[in-house]
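A.B. asks: Structural data only, the sequence is not supplied:
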């Protein structure tokens, strides 16, 4: 699997949100390093199943659209009859 690329700004925002969650929901304070390690752990833990689910959704959408396109192509076919 291709490693997930997260920009510095995105990572900083995620760290801040994790820290806010811990303070609000658990009344605990965690530092930047702890929040970043938690994010990296969670990405490794839930990343692959979420990624696979997204691939499955994309595959189903593509198959539905290909089926609709195939129906449209069949409707464009001209009847073939014997010429006299």
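C.D. replies: Yep, it's here. None of the values given here were measured: they were computed from a predicted structure. Numbering: from 1, shown residues only.

A.B. asks: quick one: average pLDDT of stretch 34-51?
C.D. replies: Averaged across stretch 34-51, the pLDDT comes to 95.

A.B. asks: from the chain's centre, how far out does that stretch sit?
C.D. replies: Averaging C-alpha coordinates over stretch 34-51 and over its chain gives two centres that are 14 Å apart (CA atoms, centre = their mean, to the nearest Å).

A.B. asks: I'd like to know how far the most centrally placed residue in the chain sits from residue 33.
C.D. replies: The chain has residue 54 as the residue nearest its centroid, 4.7 Å off, counting by CA atoms, centre = their mean. Per CB to CB, to the nearest Å, residue 54 is found 29 Å from residue 33. Every residue, glycine included, has its C-beta placed from N, CA and C.

A.B. asks: give me the element the residue nearest to the centre of the chain is part of.
C.D. replies: Using DSSP states H and E, residue 54 sits within helix 32-76.

A.B. asks: do residue 28 as well
C.D. replies: Counting by DSSP H and E, no helix or strand carries residue 28.

A.B. asks: Correct me if wrong: it contacts residue 19.
C.D. replies: No: taking contacts as CB atoms under 8 Å, residue 28 lies outside contact range of residue 19: 9.5 Å.

A.B. asks: What count of nearby residues applies to residue 13?
C.D. replies: As a burial measure, residue 13 scores 12 neighbours (other CB atoms under 10 Å).
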